[in-house]
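Engineer: no sequence for this one, just the structure:
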């Protein structure tokens with residue numbers, strides 16, 4: 001059985017009040033991606049689901065070359 005691909009774009013607020021975008025399957029996964037990237041998310045603010053147009057700004061987006069491989 002294969003895993004489902006992440007398809008939801010989340011907006012996460014960092015402690016420095018910056019916003020980042022992450023593609024994940026759920027909120028917990030989105031926070032995990034941010035932490036693994038060396039960022040400090042503000043845990044008092046829930047990640048918000050945003051429009052898929054923000055996927056091109058996501059920190060974990062795949063480039064066209066990476067998707068082809």
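Structural biologist: It's in. All figures in this text were calculated on a predicted structure; none of them were measured in a lab.
Engineer: Within the helices and strands, which one has the residue nearest to the spatial centre of the chain?
Structural biologist: For the chain, the residue lying nearest the average C-alpha position, counting by C-alpha atoms, centre = their mean, turns out to be residue 22 (1.2 Å). In this structure, residue 22 sits in strand 19-24 according to DSSP states H and E.
Engineer: quick one: average pLDDT of that strand?
Structural biologist: Throughout strand 19-24, pLDDT has a mean value of 97.
Engineer: ok, and what's touching it?
Structural biologist: Contacts made with strand 19-24 from outside it, assessed by C-beta atoms under 8 Å, 6 or more residues apart in numbering, are listed as 6-14, 30, 32-34, 39, 47, 50, 54-55, 57-61. Just so you know, the C-beta spots here come from the backbone N, C-alpha and C atoms, and that holds for glycine as well.
Engineer: Kindly recompute the last result at 7 Å.
Structural biologist: Applying C-beta atoms under 7 Å, 6 or more residues apart in numbering, the set of residues contacting strand 19-24 from outside is 6, 8-14, 30, 33-34, 39, 50, 54-55, 57-61.
Engineer: So which of the residues you listed belong to helices?
Structural biologist: Among these, the subset assigned to helices under DSSP state H consists of 30, 33-34.
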